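Asks: fold the following and give me the result.
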Amino acid sequence: MPKKKNEPLNVSALTPEERDAALALDAERLLRFGRKHKLIRDLDEIVARNTLLDLLGLNEPSEEKVPKESLDTPAALLDEMVELSAAKGLFDGSVPQYRINFESRIMGALMPRESEVCKKFKKLYAKKGPQAATDWFYDLCVVSNYIRTAQIARNIQWNTATPYGEMEITINLTKPEKDPKVIAMERLQPASSYPKCMLCKENIGYAGRINFPARQTHRIVPLNLAGEKFYLQYSPYAYFHEHCIILNDSHKPMEMDRHTLAQIFDFVSQFPHYTCGSNADLPIVGGSILSHSHFQGGRYVFPMQKASVAVPLKDPRYPNVKAGILNWPVSAIRLVGRSSQQVQNAANCIMDAWRDYSDESVDILSHTGDTPHNTVTPILHYDDEEGYILDLALRNNRTTDEYPDGIFHPHKEYHNIKKENIGLIEVMGLAILPARLKEQSAAIADILTGEAPNTSREPGSTLAVHADWIDQLIKKYGTAMNRRDAEAALRDEIGIVFSHVLENAGVFKQDEAGQAAFLKFAAAAGFKKA
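Replies: Model prediction:
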């Protein structure tokens, strides 16, 4: 029973023979997609077809006429193939991670070998330049569905005006919630140290498991940064355009020193159309994977990069470097200059001074015994007119009894919106917020429009975490708003909370005492108010 064009396939209504026929035709559709997007050619198609026949438990290819299609990505086609495969019993379709892993296995049949990818990237870089090389590599990751554009499109995004400029807010819906069955299966999973983490080069082609994603479509290209081997890859769940990760060849911890900064500058000099930054090297103020040295970047202008300089600074040792304190909630100094080395020299001076800097009047202690607390989050991009532009965000991870999660960490009154660490991406003004906020904000809108009572303080309420915030919102807006205004107000209020969270992360607060303390540190590093 052939389906009509664009009509979704009713898998449950198919006989086993019809299901296999549909799966075989889908395999041919995927092969045509692969040819069109130059994933395979000539004899590669035979190998890919035979691989798919084996994987899908089919005896022979379809002889039906393959429909003409113009697909930008194979996402919808792969979804159908996964549904058919699950119905056939090729894997447990009730487990989301198994569905994702099987989909990667299907698409892996069409992927070029790692050596071919590296060769093509190197050739394009040499002949047409860095942007041509990254354009091709990024497109490969999109058409192979490694970058999961269909899932990324589900994210909810908006901008919110703040005193620091517009903040970008994302409610992250890309990763499925784990149900009890999956959690139970993960507990039974044997311990494994291969790959050591999700950034290791050994992820290329990895089949995955219940608690580790499949990577048959994953490819990386080698780079030399300041004499050390790294690899460039893209993030499968990109938070911004061409979101890339630059990972060290070795599984070694994050570091933040002169050599790290030299590597970031080397990357931007090789790929001047990309921003590059690093999470800090200490817990609380660092990223989620501190065990593997890496940077992040992309072809994107972040809110922080649009921020103005609030207080110009100068240091006679670096006459060709412009400096200043940013108008930004996370305390940061901007350095601008055409000479990579001069900007690095000025940055190293600030980093060295900050490592051992203490000012108890604003709760900054560089060490507790031998435990360090001060570090930086550097963000670098290149501008054709001004040269290298480096933003150094000053970080401190000290905890106290009052602030057990961190003095300069999201404070408890904002945990209903954001309680996770403030890493590189958030520092730059892009909020990555939990998926729960989609349903919770809709329920709060019901309260503000009078469509539902405020039950946030009742036992077992899913809105309990927002109870105090909801009281504030009712006091400000009442409970008779129209739906559109209520939803717009909630978006703005979430964005304002995010700006307050970034203020929490700022080591020098935005009040008079905090800014005076900031200038005091700048002077200690050799920079005075211009």
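Asks: list phi and psi for the closest residue to residue 339 other than its chain neighbours.
Replies: The shortest distance from residue 339 to any non-neighbouring residue, by Cβ to Cβ, 6 or more residues apart in numbering, is to residue 320 (6.2 Å). From N, CA and C alone the C-beta is placed, and that goes for glycine too. Main-chain dihedrals, residue 320, degrees, to the nearest 10: phi -100, psi 10.
Asks: ok, residue 327 touching residue 303?
Replies: No. With contact defined as Cβ atoms under 8 Å, residue 327 does not count as touching residue 303 (11.4 Å).
Asks: would you mind telling me which of those two has the busier surroundings?
Replies: For residue 327 versus residue 303, neighbours defined as other Cβ atoms under 10 Å are more numerous around residue 303 (18 against 15).
Asks: and that one, what's its pLDDT?
Replies: Listed pLDDT for residue 303 reads 98.
Asks: residues shared between the contacts of residue 327 and residue 303?
Replies: Common neighbours of residue 327 and residue 303 are listed as 164-165 (criterion: Cβ atoms under 8 Å, 6 or more residues apart in numbering).
Asks: one step back: for burial, what's the neighbour tally of the residue nearest to residue 339?
Replies: Neighbour count for residue 320, taken as other Cβ under 10 Å: 12.
Asks: what's the answer for the one 10 residues further on, then?
Replies: The tally of other residues near residue 330 (other Cβ under 10 Å) stands at 27.
Asks: then residue 478?
Replies: 11.
Asks: so what's it closest to, chain neighbours aside?
Replies: Excluding its sequence neighbours, the residue lying closest to residue 478 (Cβ to Cβ, 6+ apart) is residue 448, at 7.5 Å.
Asks: quick one: that neighbour from residue 240, how far?
Replies: With the distance defined as Cβ to Cβ, to the nearest Å, residue 448 ends up 31 Å from residue 240.
Asks: can you give me the strands for the stretch 151-300 of the chain?
Replies: Remark: strands assigned in the stretch 151-300 of the chain by DSSP state E, counting those that start in this stretch are 156-162, 165-171, 221-225, 228-234, 244-248, 275-277, 294-298.
Asks: just checking, what packs against the last one?
Replies: With contacts taken as 3 or more Cβ pairs under 8 Å, 6 or more residues apart in numbering; DSSP states H and E, strand 294-298 sits against strand 244-248, helix 258-270, strand 275-277.
Asks: can I get the ones you listed in JSON lines including mean pLDDT and mean neighbour count?
Replies: Formatted as JSON lines, the helices and strands packed on strand 294-298 follow (pLDDT from 0 to 100; neighbours: other Cβ atoms under 10 Å):
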{"stretch": "strand 244-248", "mean pLDDT": "98", "mean neighbour count": "23"}
{"stretch": "helix 258-270", "mean pLDDT": "98", "mean neighbour count": "19"}
{"stretch": "strand 275-277", "mean pLDDT": "98", "mean neighbour count": "25"}
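Asks: ok, which of these comes nearest residue 129?
Replies: Set against residue 129 and scored by Cβ to Cβ, the helices and strands packed on strand 294-298 come closest in helix 258-270, at 10.5 Å.
Asks: mind giving me the packing neighbours of that closest one?
Replies: Helix 258-270 packs on strand 221-225, strand 228-234, strand 275-277, strand 294-298, helix 340-355, strand 374-383, going by 3+ Cβ pairs under 8 Å, 6+ apart.
Asks: quick one: list the elements packing against the shortest one.
Replies: Strand 275-277 sits against helix 258-270, strand 294-298, strand 374-383, with contacts defined as 3+ Cβ pairs under 8 Å, 6+ apart.
Asks: sheet partners, orientation included, of the second one?
Replies: Based on DSSP bridges, the pairing partners of strand 294-298 within the sheet are strand 244-248 (antiparallel), strand 275-277 (antiparallel).
Asks: closest to residue 288 out of the ones you listed?
Replies: strand 244-248 (12.0 Å).
Asks: give the contact list for residue 457.
Replies: Residue 457 sits in contact with 464, 467, where contact means Cβ under 8 Å, 6+ apart.
Asks: and it, helix, strand or coil?
Replies: At residue 457, secondary structure determined by DSSP: H, G, I helix; E, B strand; the rest coil is coil.
Asks: one step back: buried deepest among the helices and strands packed on helix 258-270, which one?
Replies: The highest mean neighbour count among the helices and strands packed on helix 258-270, using mean count of other Cβ atoms under 10 Å, belongs to strand 275-277: a mean of 25.
Asks: and residue 260, what does it touch?
Replies: Residue 260 sits next to 278, 378 when contact means Cβ under 8 Å, 6+ apart.
Asks: redo that, cut-off 10 Å
Replies: 225-226, 228, 254, 278, 281, 293, 295, 351, 376, 378 (Cβ atoms under 10 Å, 6 or more residues apart in numbering).
Asks: mind picking the two most distant members of those?
Replies: Applying Cβ to Cβ across these, the maximum distance is between 228 and 376, 19.6 Å.
Asks: from what I can see residue 45 touches residue 35, true?
Replies: Yes. With contact defined as Cβ atoms under 10 Å, residue 45 and residue 35 form a contacting pair (6.6 Å).
Asks: where do the contact lists of the two overlap?
Replies: residue 110.
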